[in-house]
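A.B. asks: Sequence and predicted structure, then a few things I'm wondering about:
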Amino acid sequence: MIQTIESQLKDAMKARDEVRVSTLRLTLAALRGAEKELQRPLKPEEELQVLQRERKRRTESVKAFDDAGRAEQADRERGELAVLEALLPAPLSEVEVERIVDDAIAETGATSLRDLGRVMADVMPQVAGRADGSVVSQLVREKLA
């Protein structure tokens with residue numbers, strides 16, 4: 001992931017795309033910071049977590065700037081968010097998430113809400129970074145109820 005971002009950063013610098021350059025630099029810094037904190041190279045799922053954390057920050061910033069009436073900053077954050085979204089894997093559709101949940105329920109033999117933890121433990125690695133955990137949790141609860 002880091003090599004990909006570094007390559008994209010070079011391309012963005014050549015194209016003089018300021019928003020993209022700053023976003024990629026911040027993302028690269030976040031990834032390297034996480035590596036330094038763990039004192040080892042990041043695993044793909046850890047890289048994904050860092051990117052998701054950065055996406056969440058931008059999403060919250062957009063909302064805060066919109067609420068404060070600061071449209072220019074909100075638009076810049078939206079631009080950064082678009083760059084981050086391009087780095088993340090494509091999100092799963094509701095049908096795909098539902099299929100994964102159904103398979104996990106069948107695999108674990110879950111029958112009630114008490115089995116929620118086992119089902120979630122099976123589902124989350126499969127949807128990591130491609131579906132919102134709260135949406136998945138709600139779907140599992142509905143299926144087990």
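C.D. replies: Nice, I can see it.
A.B. asks: And the next helix or strand past the lengthiest helix in the chain?
C.D. replies: Secondary structure of the chain read by DSSP state H shows that its longest helix is helix 44-67. Downstream of helix 44-67, the next assigned helix or strand under DSSP states H and E is helix 71-87.
A.B. asks: packing partners for that next one?
C.D. replies: Helix 71-87 is packed against helix 18-38, helix 44-67, with contacts defined by 3 or more Cβ pairs under 8 Å, 6 or more residues apart in numbering; DSSP states H and E. Heads up, the C-betas are built off the backbone N, CA and C, glycines and all.
A.B. asks: The first one: which residues count as buried?
C.D. replies: Spelled out, that is helix 18-38. 19-24, 26-28, 30-31, 35 (16 or more other Cβ atoms under 10 Å).
A.B. asks: Most remote residue from the middle of the protein, which is it?
C.D. replies: residue 111 (29.9 Å; Cα atoms, centre = their mean).
A.B. asks: Can you check the pLDDT for the nearest residue to that residue once chain neighbours are set aside?
C.D. replies: Counting by Cβ to Cβ, 6 or more residues apart in numbering, residue 144 is the residue found nearest to residue 111 once chain neighbours are left out, at 7.5 Å. pLDDT, residue 144: 85.
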